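> Take this sequence and fold it.
(one chain, ligands or ions: 1)
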Amino acid sequence: MLIGVLGGGQLGQMIALAGLAMGLRFRFLDPSDEACAAAVGELRVGSFIDSAAIDRFVQNLDAATFEFENVPVSALHQVASRRPTYPSAKSLEVGQDRGKEKALFASVGLDVPRYVLSRTPVQLETAMEALGLPVVVKTVREGYDGKGQRVVRDEASMRSAIEALGNAEVIVERMVSFRREVSLIGVRSVTGEMAFYPLTENIHQSGMLRVSTPRADDPLQPEAERVGRAIMESLEHVGVLAIEFFVERDASGKERLLGNELAPRVHNSGHWTQDASETSQFENHLRAILGWPLGRTSLTRACVMVNMIGRVPGREELLEVRDARAWPRIHVYGKASRAGRKVGHVNVVGESLSAVESLVTALRAVTLRAEAMA
Ligand code: AMP
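Prediction:
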């Protein structure tokens, strides 16, 4: 079977790595001739708004999916009119718009941080005053990895936010003093079957994910799954879907979930599933869109995923980190070094989280040093 993937980045590459072992072959459409998924399938270089290029891309495909959230909805419609394509445009549309995400969260009974939508300088100023500083201002569309986003803490940054984003469609959010951030990776098959991975605790810096740790028995798991089930059903979603939450304490000291954002695709905070789950998110995404039974999603061993950003540390640097046996694999995407770019990740595994703690600390130091030199 030949599967078409819109987007040829590392997520597409890892979908294909899982799929090749299942006897599938892959074709990618990406505007860049340097797209890293070229290593594991046929890369067609073309724009997502070139309908002739999309027509050539869909030829002979058995099914199609996407790995990039900002694929134009029109491109997905065009592919879907010719081939079975999952997730559908409905999921993609919601995932591209922070306003629609928030409305969907509210519709399934998930609280969100207080927010106001704005599209003029006056509205933006009024919104910031109404919410009270500090606030986070985010573009409604096309923001990811902290791009299109700024924290406003004082009068001066308020002025510069109005200058830079006053005429953009933005969402102004109350700054949440969260205790932690977690994400839920869920998967729903064309048959309606659903499965969820254990909640993953995430650490971000400068808006980018750095470290993810799956939690075997998070007390918030049942509520997160309730939300995930309701969202996937409401979208009739097919494939993997990730939901990111803030965890806040309420007045009585009890933890509760607040919805942050949703990604209708495989997700960076699910990369640990490659080495510490019975079935990876990438394999389950393919099983879901092809209508095959889903694989088990339980955690098989303690794991911490560390992202490599900007530059992959050199061999010498990595060898400084003792006990490389605790990394079953190093995942390097084959992308050129560039500041702020995700270039790989390492899943550190062990008997328990405390057993891998010092290794994770050492590895983080090495990756941060490499990043500073990118
Ligand atoms: P996002 O692109 O919305 O996922 O934001 C990236 C990261 O920025 C989040 O994972 C948080 O660490 C931080 N962040 C975003 N919005 C807020 C907020 N309203 N309050 C506090 N931190 C935030």
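> alpha carbons only for contacts and neighbour counts from here, please
Fine.
> quick one, what contacts the residue nearest the centre of the chain?
The centre of the chain sits closest to His267, judged by CA atoms, centre = their mean, with a distance of 3.3 Å. Listed by CA atoms under 8 Å, 6 or more residues apart in numbering, the contact set of His267 reads 11, 185, 241-242.
> Farthest pair within these?
Farthest pair in those (CA to CA) is Leu11 and Ile185. Separation: 14.4 Å.
> Which one's more surrounded, those two?
Ile185 (29 against 23; other CA atoms under 10 Å).
> give me every residue that touches that one.
Counted by CA under 8 Å, 6+ apart, Ile185 has contacts 196-199, 240-243, 266-267, 270, 281.
> Could you list which of the residues you listed also contact the ligand?
Restricting the contacts of Ile185 to those touching the ligand (CA under 6 Å from any ligand atom) yields no residues.
> Looking at these, which are in strands?
196, 240-243 (DSSP state E).
> Show me which of those is closest to Ser107.
Ile243 (14.7 Å).
> which ones are touching Gly9?
Contacts of Gly9 (CA under 8 Å, 6+ apart): 35-37, 67-68.
> any idea where the helices of the stretch 51-200 of the chain begin and end?
51-58, 73-80, 89-95, 98-107, 121-131, 155-165 (DSSP state H, counting those that start in this stretch).
> Relative to Glu320, which of these is closest?
helix 89-95 (40.4 Å).
> The closest one: which residues count as buried?
89, 91-95 (16 or more other CA atoms under 10 Å).
> now stretch 25-45
Result for stretch 25-45 [16+ other CA under 10 Å]: buried residues 25-31, 35-38, 40-41, 43-45.
> now for those, which pair is the farthest apart?
Longest span within the buried residues of stretch 25-45, CA to CA: Arg25 and Pro31, 20.3 Å.
> about what we covered before: the residue nearest to the centre of the chain and the ligand, how far apart?
For His267, the distance to the ligand (CA to the nearest ligand atom, to the nearest Å) stands at 12 Å.
> before we move on, what about Arg188?
Relative to the ligand, and taking CA to the nearest ligand atom, Arg188 is found at 22 Å.
> the longest helix in this protein is where?
Counting by DSSP state H, the longest helix found in the chain is helix 353-372.
> contacts for it?
Counting by CA under 8 Å, 6+ apart, residues outside helix 353-372 touching it are 302-304, 306-313, 317-318, 321-323, 326, 339, 348-350.
> Quick one: end-to-end length of stretch 189-201, please.
End-to-end distance of stretch 189-201 (CA to CA, to the nearest Å): 25 Å.
> same question, stretch 258-267
End-to-end distance (CA to CA), stretch 258-267: 19 Å.
> related to what we said a few turns ago, ranking the helices of the stretch 51-200 of the chain by burial, who's on top?
helix 89-95 (a mean of 20; mean count of other CA atoms under 10 Å).
> Excluding chain neighbours, what is closest to Gly132?
Arg174 (7.7 Å; CA to CA, 6 or more residues apart in numbering).
> Quick check: pLDDT value at the one you found.
Here the pLDDT value assigned to Arg174 is 96.
> Next one: it from the ligand, what distance?
The value you get for Arg174 to the ligand, if CA to the nearest ligand atom is used, is 5 Å.
> thinking again about what came up before, and the ligand, which of the helices of the stretch 51-200 of the chain is closest to it?
helix 98-107 (8.4 Å; CA to the nearest ligand atom).
> Buried residues, stretch 201-213. List them.
Within stretch 201-213, the residues that count as buried by 16+ other CA under 10 Å are 201-203, 208-213.
> hang on, I meant stretch 292-302
Result for stretch 292-302 [16+ other CA under 10 Å]: buried residues 294-295, 297-299, 301-302.
> before we move on, what about stretch 271-281?
271-277, 279-281.
> Return that stretch as PDB; C-alpha atoms alone will do.
This file holds the C-alpha atoms of stretch 271-281, laid out as PDB (Å, rounded to 0.1, in the frame of the first residue of the first chain):
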ATOM      1  CA  HIS A 271       7.700  10.500  20.900                       C
ATOM      2  CA  TRP A 272       8.500   8.400  24.100                       C
ATOM      3  CA  THR A 273       5.900   5.900  22.800                       C
ATOM      4  CA  GLN A 274       8.600   4.700  20.300                       C
ATOM      5  CA  ASP A 275      10.700   3.200  23.100                       C
ATOM      6  CA  ALA A 276       8.400   2.800  26.100                       C
ATOM      7  CA  SER A 277       5.000   1.700  24.900                       C
ATOM      8  CA  GLU A 278       3.800  -1.500  23.300                       C
ATOM      9  CA  THR A 279       2.700   0.400  20.200                       C
ATOM     10  CA  SER A 280       4.100   3.800  19.100                       C
ATOM     11  CA  GLN A 281       1.800   6.700  18.400                       C
END
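> Give me the contact list for it.
Contacts for stretch 271-281 (CA under 8 Å, 6+ apart): 18, 185, 212-214, 240, 266, 270, 295-305, 328-329, 347, 349.
> Go through the contacts of Ile185 and name the one nearest Gly132.
Ile243 (26.7 Å).
> distance of the closest residue to the closest one other than its chain neighbours from Gln281?
The spatial neighbour of Ile243 that comes closest, neighbours along the chain excluded (CA to CA, 6+ apart), is Leu262 at 4.4 Å. Counting by CA to CA, the gap from Leu262 to Gln281 is 16 Å.
> next one: Gly340
The value you get for Gly340 to Gln281, if CA to CA is used, is 24 Å.
> Next, find the distance separating Tyr86 from the ligand.
23 Å.
> what does the model give that residue for pLDDT?
98.
> So for it, what's the nearest residue that isn't a sequence neighbour?
Thr65 (5.2 Å).
> One more: Arg341?
In space, and not counting its chain neighbours, Arg341 is closest to Gly310: 4.9 Å by CA to CA, 6+ apart.
> ok, now which ones touch that neighbour?
337-343, 370-372, 374.
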